[in-house]
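Colleague: Okay, sequence plus prediction incoming.
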There are 2 protein chains.
Amino acid sequence: MTITITAFDRSPDGGRGLARDTRVRWALEEVAQPYDVRLVTFKAMKEPAHLAIHPFGQIPTYEEGGLALFETGAIVLHIAHRFAGLLPDDANARARAVAWMFAAVNTVEPPILELMTAKILENDKPWTKERLPLVLDRMRDRLKQLSTRLGDAEWLDGAFSAGDLMMVSVILRARASGVLDEFPNLAAYLARGEARPAYKRAFEAQRVVNTRP
Amino acid sequence: MTITITAFDRSPDGGRGLARDTRVRWALEEVAQPYDVRLVTFKAMKEPAHLAIHPFGQIPTYEEGGLALFETGAIVLHIAHRFAGLLPDDANARARAVAWMFAAVNTVEPPILELMTAKILENDKPWTKERLPLVLDRMRDRLKQLSTRLGDAEWLDGAFSAGDLMMVSVILRARASGVLDEFPNLAAYLARGEARPAYKRAFEAQRVVNTRP
């Protein structure tokens, strides 16, 4: 069955790999599954046809036969359950990998999203200059805890898993702030993720779309 | 094997059910599994013994035999995989229920967390009065999309699932703002969740802990 995902017709990040379709592309590359991409404009994202498969009017989505999924974490987990390569065989280790997936999106990403919101949606507000250091500190606190746990390990829990895929994708969004560089082991962890051949293929695929004339 | 979870020694919400151990208690009640609770003080949460099982120094955690898990979404999903009652049998319907779990924590909860952050951590800041309406609007936008999708359905995707358990638990945190009342179908959805016998038992269990002398 053909797998079709959706992505921005043109990502606001100009192809830097920060849009969430990159996470799904990466997962599909890790498990060596081909996929089609349907590009969606900002206008189309808010229309009934897209809202029918994504109630929050965002990308990515995942369609395969009779299944239509939204929400990146769920799509990556579905891919990880369906094809070998993203989750360990041992049941307890699998559960721990899933814990890291949720930690990425529910513990580490919220303060990073808050920073993005402050910089993008509240950039012109009078309070933003004074407020930004507080937002950065909250993000720094979380990254520090992550850094402490990772230590000098290569991945979060033994072999590379969907948990690392999600965590690397999340902390990638913190890089532009410069705060990631305060934690050399996290910067190196991110670099290890980006060096994976599957990530490189995923990144290149979205880059080509988002930098076309 | 005995299941042991952790919870606040005394929750900052005074037993209103907003702390995340309520979600795990609810899941365990839905699948009719007994559990022990280890109460953790704020001080103990930041000490090595607790950080070993929760790298971000929070509650809840879940221990069963050789497995130690953190992150509420992952714990609830583990419970849902391990015991019957929280996920449909059909594979596609299961994947969609998991999508709603991730949607709860990664799409609907972040703007609610942002509101809690503004009210708790930035309550004394000079910008908060002017900024709060923006934060409320962002939360309102998400709740509106959720309301539109739910329509007059009882649950998000057919029968009650772990997706509803997580979504109800997340929007519960928006109730104090009053915004939830702008969406009567969401308020009714929340009420249906709270009316479940398993929820009532979970709520009462945490209430007793958090209102003891």
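Modeller: In hand now; what should we look at?
Colleague: A:Gln206 versus A:Gly85, what's the distance?
Modeller: Look at A:Gly85 and A:Gln206: by C-beta to C-beta, to the nearest Å, they are 20 Å apart. In this view, the C-beta of every residue, glycine as well, is placed from N, C-alpha and C.
Colleague: Same drill for those two, tell me which one is more crowded.
Modeller: A:Gln206 (23 against 16; other C-beta atoms under 10 Å in any protein chain shown).
Colleague: Which residue is most remote from the mean position of chain A?
Modeller: A:Pro126 (30.8 Å; C-alpha atoms, centre = their mean).
Colleague: Check whether that one really touches B:Arg131, as I assumed.
Modeller: No - look at A:Pro126 against B:Arg131 with C-beta atoms under 8 Å: they stay out of range, at 9.8 Å.
Colleague: which ones are touching the most centrally placed residue in chain A?
Modeller: When chain A is reduced to its mean C-alpha position, the nearest residue by C-alpha atoms, centre = their mean turns out to be A:Ser169, at 3.8 Å. For A:Ser169, the contacting residues are A:20, A:22-23, A:26, A:104, A:193, by C-beta atoms under 8 Å, 6 or more residues apart in numbering or on different chains.
Colleague: ChimeraX command to pick out the buried ones of those residues?
Modeller: A single ChimeraX command selects the buried members of the contacts of A:Ser169 (16 or more other C-beta atoms under 10 Å in any protein chain shown):
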select /A:20,22,23,26,104,193
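Colleague: could I get the contacts of A:Ser169 as TSV with pLDDT and distance to chain B?
Modeller: Converted to TSV, these look like this (pLDDT from 0 to 100; distance: C-beta to the nearest C-beta, whole Å):
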residue	pLDDT	distance to chain B
A:Arg20	96	10
A:Thr22	98	16
A:Arg23	98	11
A:Trp26	98	17
A:Ala104	97	9
A:Gly193	98	18
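Colleague: count of residues packed around A:Thr128?
Modeller: 16.
Colleague: Count the neighbours of the closest residue to it other than its chain neighbours for me.
Modeller: In this structure, A:Thr128 finds its nearest non-sequential neighbour in A:Glu122, 5.2 Å apart by C-beta to C-beta, 6 or more residues apart in numbering or on different chains. A:Glu122 is flanked by 18 other residues according to other C-beta under 10 Å.
Colleague: Next, work out how far apart the closest residue to chain B within chain A and B:Ser11 are.
Modeller: Across chain A, the shortest distance to chain B (C-beta to the nearest C-beta) belongs to A:Trp127, at 3.2 Å. Distance, A:Trp127 to B:Ser11, by C-beta to C-beta: 31 Å.
Colleague: for A:Phe83, same thing?
Modeller: Counting by C-beta to C-beta - A:Phe83 and B:Ser11 are separated by 41 Å.
Colleague: quick one: pLDDT of A:Pro48?
Modeller: Reported pLDDT at A:Pro48 in the predicted model: 96.
Colleague: between the helix or strand of chain A with the lowest mean pLDDT and helix B:109-120, how many degrees?
Modeller: The weakest-scoring helix or strand in chain A, judged by mean pLDDT, DSSP states H and E, is helix A:109-120 (a mean of 93). Counting by axes from the mean of the first three to the mean of the last three C-alpha atoms, to 10 degrees, helix A:109-120 lies at 80 degrees to helix B:109-120.
Colleague: Now look at helix A:109-120 and say if it contacts chain B.
Modeller: Yes - using C-beta under 8 Å from any C-beta of the partner chain, helix A:109-120 reaches chain B at A:109-110, A:113-114, A:117.
Colleague: Now do that helix: everything it contacts.
Modeller: Contacts of helix A:109-120 (C-beta under 8 Å, 6+ apart): A:128, A:131-132, A:135-136, A:138-139, A:141-142, A:170-171, A:173-174, A:177, B:106, B:109-110, B:113-114, B:117, B:138.
Colleague: From the contact counts, what lies against the strand or helix carrying A:Leu143?
Modeller: For A:Leu143, the element it lies in under DSSP states H and E is helix A:128-150. In this structure, helix A:128-150 packs against helix A:109-120, helix A:162-172, helix A:184-194, with contacts taken as 3 or more C-beta pairs under 8 Å, 6 or more residues apart in numbering or on different chains; DSSP states H and E.
Colleague: Apply 7 Å and report the result again.
Modeller: Packing partners of helix A:128-150 (3 or more C-beta pairs under 7 Å, 6 or more residues apart in numbering or on different chains; DSSP states H and E): helix A:109-120, helix A:184-194.
Colleague: List the buried residues in the longest one.
Modeller: When you say that, I think you mean helix A:109-120. Buried residues in helix A:109-120 (16+ other C-beta under 10 Å): A:109-118.
Colleague: show me what contacts A:Asp13?
Modeller: A:Ala19 (C-beta atoms under 7 Å, 6 or more residues apart in numbering or on different chains).
Colleague: Oh, that last question was meant for A:Pro60, not what I typed.
Modeller: With contact taken as C-beta under 7 Å, 6+ apart, A:Pro60 is in contact with A:5-7, A:20-21, A:24, A:72, A:75.
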